[in-house]
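1. Give me a 3D structure for the following:
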Amino acid sequence: MDMGLVNMAVDFKQAINMNDISTAILAKALDTGRDMGQEMVQMIDSAAMERSVNPAVGGNIDVSV
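-> Below you'll find the predicted structure:
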């Protein structure tokens, strides 16, 4: 068998493996982004509920330098 063909097959297999790894990393990043988005929505909902019960809370910020 020609060594050039063997090297090409090895390179092809490595490229496939790197593609699989990249896809797995991207999937994990998408899952993390989705989870963070859901948590943000929950935080916004809980803040909106607090404002409906106690509208004066969080309306003003006192700053001194």
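
2. Is the residue nearest in space to the middle of the chain in a helix, a strand, or coil?
-> Residue closest to the mean C-alpha point of the chain, counted by CA atoms, centre = their mean, is G33 at 2.8 Å. Recorded secondary structure, G33: helix (DSSP: H, G, I helix; E, B strand; the rest coil).

3. same deal with V57?
-> Secondary structure state of V57, per three-state DSSP, is coil.

4. how about low-confidence regions in this protein?
-> 1-2, 58 (pLDDT under 70).

5. if you set the cut-off to 90 instead, what comes out?
-> The chain contains residues with pLDDT under 90 at 1-6, 42-65.

6. Tell me where it has helices.
-> Under the criterion DSSP state H, helices of the chain are mapped to 3-53.

7. Next one: A24 from D31, what distance?
-> 11 Å (CB to CB, to the nearest Å). Quick note: C-beta positions are derived from backbone N, CA and C, even for glycine.

8. Now do the same contact list for the residue nearest to the centre of the chain.
-> Contacts for G33 were tallied using CB atoms under 8 Å, 6 or more residues apart in numbering; there are none.

9. and if you look at M8?
-> Per CB under 8 Å, 6+ apart, neighbours of M8: none.

10. got the contact list for A27?
-> Going by CB under 8 Å, 6+ apart, A27 touches no other residue.

11. so how many other residues sit close to R51?
-> The number of residues packed near R51 is 13, by other CB atoms under 10 Å.

12. wait, doesn't it sit right on V57?
-> Yes. The pair R51 and V57 qualifies as a contact (CB atoms under 8 Å) at a distance of 7.1 Å.

13. separation between A56 and M40?
-> Going from A56 to M40 by CB to CB gives 24 Å.
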